[in-house]
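Asks: here you go, sequence then predicted model.
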Amino acid sequence: MRYTASVTQGEVREMVWSALAQHRAATYPTPPHGHHPNFVGASRAAERLMSLKLWQLATVVLAGPDQVLKPLREAALKSGKIVLMPHPDKAGKYLSLEGLQPHQLKRVREIAQLGKPIELSQTAIDLVLIGSVAVDEQHNWIGKGYGFPYKDLQVAAPWATLAHTLMVFEHLPCPPERTVDLIATPHQVMGV
């Protein structure tokens, strides 16, 4: 697809963050600006994702640290899945939360003390969970512009995200940062 519009990724982010704030669709942490936003209906979107065979068969999940993904991380730990997360203070380093209980991870920063360092390249990952700012119906994705997932991160597993309907475009008006395989909203699942 050729992008001829003069809209930047940053402008798309601002448009989405402002729409979520204006419609009171963003939840903690607020305001949504600068984040992969948490949103009203995120738990319903997570339930839709968790009802899929892809989720049920996954044993090792790489999950971003975003608040919107917290229900998925907790459900994965409760069901005995191995959850990997990026180190909160060391870009490109990862931690395994294997054996930890959800109540031990009240704050993302706690994983630095409780998680075990792991080499991502030596781990078979079944599913990657990332937050998003904007997606489109062709599965193109724009994130917050920094942090996880890193631009050069290559994982040969399905990538999934959660999105509010205000975050979903028919076609992004600018080039995406990457594509995802699955988008779960409170109302539907796109992909897989």
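Replies: Good, I have the coordinates. Since the model is a prediction, treat every value here as computed from it, not as a measurement. Residues are numbered from 1 along each chain as shown.

Asks: mind exporting the lowest-mean-pLDDT helix or strand in the chain as CSV, just the C-alpha atoms?
Replies: Scoring the helices and strands of the chain by mean pLDDT, DSSP states H and E places helix 111-114 at the bottom, with a mean of 83. These are the backbone C-alpha positions of helix 111-114, laid out as CSV (Å, rounded to 0.1, in the frame of the first residue of the first chain):
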residue,chain,number,x,y,z
ILE,A,111,9.8,-8.1,38.0
ALA,A,112,13.3,-6.7,38.1
GLN,A,113,13.8,-8.3,41.5
LEU,A,114,11.6,-11.4,41.1
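
Asks: buried residues of that helix, list them for me.
Replies: Residues of helix 111-114 classed as buried by neighbour count (16 or more other Cβ atoms under 10 Å): I111. Placement of C-beta: from N, CA and C, glycine included.

Asks: what's the answer for stretch 142-162, then?
Replies: 142-144, 147-149, 155, 157-162.

Asks: for that stretch, the distance to its chain's centre please.
Replies: Mean-position distance between stretch 142-162 and its chain equals 8 Å (Cα atoms, centre = their mean, to the nearest Å).

Asks: first-to-last residue distance for that stretch?
Replies: Chord length of stretch 142-162, first to last residue, is 12 Å (Cα to Cα, to the nearest Å).

Asks: can you list the neighbours in contact with the host helix or strand of S18?
Replies: Applying DSSP states H and E as the criterion places S18 in helix 9-22. For helix 9-22, the surrounding residues in contact (Cβ atoms under 8 Å, 6 or more residues apart in numbering) are 25-26, 30-34, 37, 39, 133-134, 142, 144-145, 164, 166-167, 172-175, 177.

Asks: give the buried subset of the residues you listed as a ChimeraX selection command.
Replies: Of the contacts of helix 9-22, the buried ones can be selected in ChimeraX as follows, counting by 16+ other Cβ under 10 Å:
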select :25,26,32,33,37,39,133,134,142,144,164,166,167,172,173,174,177
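
Asks: now the strands: where do they sit in the protein?
Replies: 26-27, 38-39, 60-63, 82-86, 94-96, 116-118, 127-130, 134-136, 140-142, 159-162, 168-169, 178-179, 182-184, 189-191 (DSSP state E).

Asks: tell me which of those strands sits most buried.
Replies: Neighbour counts (mean count of other Cβ atoms under 10 Å) averaged over each of those peak at strand 159-162, with a mean of 28.

Asks: contacting residues for the nearest residue to L162 once chain neighbours are set aside?
Replies: Nearest residue to L162, sequence neighbours excluded (Cβ to Cβ, 6 or more residues apart in numbering): A45, at 4.4 Å. If a contact means Cβ under 8 Å, 6+ apart, then A45 has L162, A163, H164, A184, T185, P186 as its contacts.
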